[in-house]
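Colleague: Give the three-dimensional model of this entry:
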Amino acid sequence: MAKKSAEVIGAHALGEAFEETSEELLADASKAIFNVTRWLRGKDALNFWEGDNALDRYTMSALGGLFGGGITSAATNFS
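Modeller: Numbers count the residues shown, from 1 in each chain. I've put the predicted structure just below:
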């Protein structure tokens, strides 16, 4: 029983980590598409990433999802 619970918690943690990271990636893709659209229209592109480190953001999203998904799954599994 404990092994199955650990597997379920791990699966939910990984799923949430993937979801959070993909949301961050989608936000970056949307900003890039918006910038290209502005550039094609002859306007100045906006610098959304000034001083922003993508690796740090993706890592924090993954870790936040991993821990948040694991804790939420554990709480619902054991309650």
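Colleague: Show me what the strand or helix carrying residue 24 is packed up against.
Modeller: Element membership for residue 24, per DSSP states H and E: helix 2-40. In terms of contacts (3 or more C-beta pairs under 8 Å, 6 or more residues apart in numbering; DSSP states H and E), helix 2-40 is packed against helix 54-78. Glycine gets a C-beta too; all of them are placed from N, C-alpha and C.
Colleague: Could I get the average pLDDT for the helix it packs on?
Modeller: Mean per-residue pLDDT for helix 54-78: 89.
Colleague: Can you give me the buried ones in the helix holding residue 24?
Modeller: 9, 12-13, 16-17, 20-21, 24, 28, 35 (16 or more other C-beta atoms under 10 Å).
Colleague: Model confidence score at the residue nearest to residue 66 when sequence neighbours are not counted, please.
Modeller: Leaving aside its chain neighbours, residue 66 sits nearest to residue 17 (4.1 Å; criterion: C-beta to C-beta, 6 or more residues apart in numbering). Looking at residue 17, its pLDDT reads 95.
Colleague: do residue 10 as well
Modeller: pLDDT recorded at residue 10 is 90.
Colleague: Show the contacting residues for it.
Modeller: residue 70 (C-beta atoms under 8 Å, 6 or more residues apart in numbering).
Colleague: Could you do residue 73 as well?
Modeller: 8-9, 12-13.
Colleague: separation between it and residue 4?
Modeller: 12 Å (C-beta to C-beta, to the nearest Å).
Colleague: Repeat that for residue 56.
Modeller: 35 Å.
Colleague: Also residue 78?
Modeller: Taking C-beta to C-beta, one finds residue 78 at 13 Å from residue 4.
Colleague: Over to residue 53?
Modeller: 39 Å.
Colleague: And residue 41, by the same measure?
Modeller: 55 Å.
Colleague: quick one: contacts for residue 28?
Modeller: Contacts of residue 28 by C-beta under 8 Å, 6+ apart are residue 54.
Colleague: Residue 64: what's it in contact with?
Modeller: residue 20.
Colleague: got the phi/psi numbers for the residue of the chain most remote from its centre?
Modeller: Distance to the chain centre peaks in the chain at residue 42, reaching 32.0 Å (criterion: C-alpha atoms, centre = their mean). With angles defined as degrees, to the nearest 10, residue 42 sits at phi 90, psi 10.
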